[in-house]
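Student: just the structure for this:
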Amino acid sequence: LRFEGVQYNCTVKLNSVILGHHIGQFEPFEYDVTELLHPAASGQANQLEVITHPLLDNATEFERQVATKSSDQRDYTGQVSCWLNRHAPQWMGRTFYGWDFVPAVYSAGISNQVSLHTTASLLAGELASPPPQGAPPAVLRAQALSIIPRLSPPYDSARLELSLEVHLYGSAWAGHTSGLTVSFQIFAPTGATSPVAALTTVFNVSATAGQVQFLRTNLTVSEPALWYPNGYGAQPIYNATAVVSGAASGSDLTELDSISETFGIRELTVTTNPHIATGWSYTQYGPEHTETQPWGWGSWQATVAPPIPPNATRWQIHINGLPVFARGGNWIPRDQLFGRGVRERSRTTKVLLAAKHAGFTWMRVWGGGLLEDQHFYRECDRLGLMLLQEFPHAGCSPGGPGDSFPNITARLPLDDAQTRMALKQLINHPSIVR
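Tutor: Purely as a prediction, here's the structure:
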């Protein structure tokens, strides 16, 4: 049972049994429900419940304190959303509490797709070291497939770095090993049914229940069709599949699970802009100046002199050796009711088509917004719209002036884990360039 997103704090129950608790706006999560589902023959209905809770237990008191300040002493939206962003146990978008273009809407609930996946299970005899008799089946889920193309001029071949993430469910896995056969296939953008590259290999897995395994290999595609931004060339999209089978030692293989992902092949480089004016650099660097925040909640004054690093002018994007003019705008959440924005896919496509027809080559996915759903990124791939994906902090990363979370190193493990979560959702998209 897989959830692509729930906003933001919830408990999930199936047939009155608690599957687990989840906190986080952007992270997909799933549960093994093999032993809990009522079969159709039983005549019993299956009941799924998602119970949402307040964002943070201590947020209400903080809101009350801010709300008691007079209007000239507070920026309610900025203070509360920034406080939440810094203290939440997982990332969240700051538009919960509004912005200068949208009112505050405190949405909660299922914000993305929910699906039920069926897989085969490994029989006890298919494990190299069998589990105790009567142990529940060993279930495997192919949960993520990452494809990283590596290429350089003259672009006559591309090496694909493939990484398959599998999750192992069931106590039968604990302390036991199995040989897993994985068949990787790459299909061309033309829609041909025969793969342009294929590889079958055996991975020996030694696991404990619930453990995550990464199965990695390489494939080469000859004469690849290259992806280009809008107005610079075509946007061919490849398809990669991975099929995982059990009982590697023997002629009869049991297909356990499979996964398919789209991707593009392109070389991305970022170089110094030779036409840059003297003194220009990224906007966060500049001469020493004083910044003041007068709010009673977090008053501070600081002298800011960010050092200009040696690569501060490295901001010219090249795709497959061509310099690209990054022309576009900001992308903000489609709807304050985030789930409605996900459901209305045709609306998303229409807006992105308007951007393409306006000559956009690039958009900034604003940091006060979201990690968008996969439909958005796939459409940007298809339309040739390059994306700068910001972290969802919007100027409120921990450790800044006036921050009541003074030890930024205590926050780093969270940001590390959340960054890895985000990369899994973004890494296959040729549109992502920063």
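Student: drop to CA atoms for contacts and neighbour counts, all remaining ones
Tutor: Will do.
Student: surely residue 387 and residue 426 touch.
Tutor: No: taking CA atoms under 8 Å as the definition, residue 387 is not a contact partner of residue 426, at 10.4 Å.
Student: just how off-centre is the longest helix along the chain within its chain?
Tutor: If each helix of the chain is counted by residues according to DSSP state H, the longest one is helix 412-426. In terms of CA atoms, centre = their mean, to the nearest Å, the gap separating the centre of helix 412-426 from the centre of its chain is 8 Å.
Student: report the contact partners of the residue lying closest to residue 31 once chain neighbours are set aside.
Tutor: With sequence-adjacent residues excluded and distances taken as CA to CA, 6 or more residues apart in numbering, residue 31 is closest to residue 1, at 5.3 Å. With CA atoms under 8 Å, 6 or more residues apart in numbering as the criterion, the residues that contact residue 1 are 30, 31, 32, 33, 114, 115, 116, 117.
Student: now with 6 Å?
Tutor: 30, 31, 116 (CA atoms under 6 Å, 6 or more residues apart in numbering).
Student: also residue 96?
Tutor: The contact partners of residue 96, by CA under 6 Å, 6+ apart, come to 104, 105, 106.
Student: what packs against the helix or strand hosting residue 317?
Tutor: Using DSSP states H and E, residue 317 sits within strand 314-319. Packed against strand 314-319 by the contact rule (3 or more CA pairs under 6 Å, 6 or more residues apart in numbering; DSSP states H and E) you find strand 268-272, strand 322-324.
Student: what mean pLDDT does it get?
Tutor: Along strand 314-319, the predicted local confidence has a mean pLDDT of 84.
Student: related to what we said a few turns ago, helices and strands around the longest helix of the chain, which ones?
Tutor: Helix 412-426 is packed against no helix or strand, with contacts defined by 3+ CA pairs under 6 Å, 6+ apart.
Student: with only the CA atoms kept, save that helix in PDB.
Tutor: Listed next in PDB are the C-alpha coordinates belonging to helix 412-426 (Å, rounded to 0.1, in the frame of the first residue of the first chain):
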ATOM      1  CA  LEU A 412      22.100  18.300   9.300                       C
ATOM      2  CA  PRO A 413      21.100  14.600   9.500                       C
ATOM      3  CA  LEU A 414      17.500  15.600   8.700                       C
ATOM      4  CA  ASP A 415      18.500  17.700   5.800                       C
ATOM      5  CA  ASP A 416      20.800  14.800   4.600                       C
ATOM      6  CA  ALA A 417      17.900  12.300   4.700                       C
ATOM      7  CA  GLN A 418      15.400  14.700   3.100                       C
ATOM      8  CA  THR A 419      17.800  15.600   0.300                       C
ATOM      9  CA  ARG A 420      18.300  11.900  -0.500                       C
ATOM     10  CA  MET A 421      14.500  11.500  -0.600                       C
ATOM     11  CA  ALA A 422      14.100  14.500  -3.000                       C
ATOM     12  CA  LEU A 423      16.900  13.300  -5.300                       C
ATOM     13  CA  LYS A 424      15.200  10.000  -5.800                       C
ATOM     14  CA  GLN A 425      12.200  11.900  -7.200                       C
ATOM     15  CA  LEU A 426      14.200  14.300  -9.400                       C
END
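Student: and that helix, which residues are buried?
Tutor: When neighbours are counted by 16 or more other CA atoms under 10 Å, the buried residues of helix 412-426 are found to be 415, 418, 425, 426.
Student: with stretch 21-37 instead?
Tutor: Buried residues in stretch 21-37, defined by neighbour count with 16+ other CA under 10 Å: 22, 23, 24, 25, 26, 27, 28, 30, 32.
Student: part of a strand, is the fourth one?
Tutor: No: judged by DSSP: H, G, I helix; E, B strand; the rest coil, residue 25 forms no part of a strand; its state is coil.
Student: what about the chain, any weak spots by pLDDT?
Tutor: Confidence mapping of the chain against pLDDT under 70 gives the ranges 56-81, 83-87, 121-138, 170-177, 206-210, 247-252, 275-314, 394-395, 397-408.
Student: which stretches in it count as helices?
Tutor: According to DSSP H, the helices that the chain contains are 59-67, 76-87, 338-343, 345-357, 374-383, 412-426.
Student: re earlier: adjacent strands (with direction) for the strand holding residue 317?
Tutor: Based on DSSP bridges, the pairing partners of strand 314-319 within the sheet are strand 268-272 (antiparallel), strand 322-324 (antiparallel).
Student: out of the buried residues of helix 412-426, the closest to residue 143 would be?
Tutor: Using CA to CA, residue 425 is the member of the buried residues of helix 412-426 that lies nearest residue 143, at 11.3 Å.
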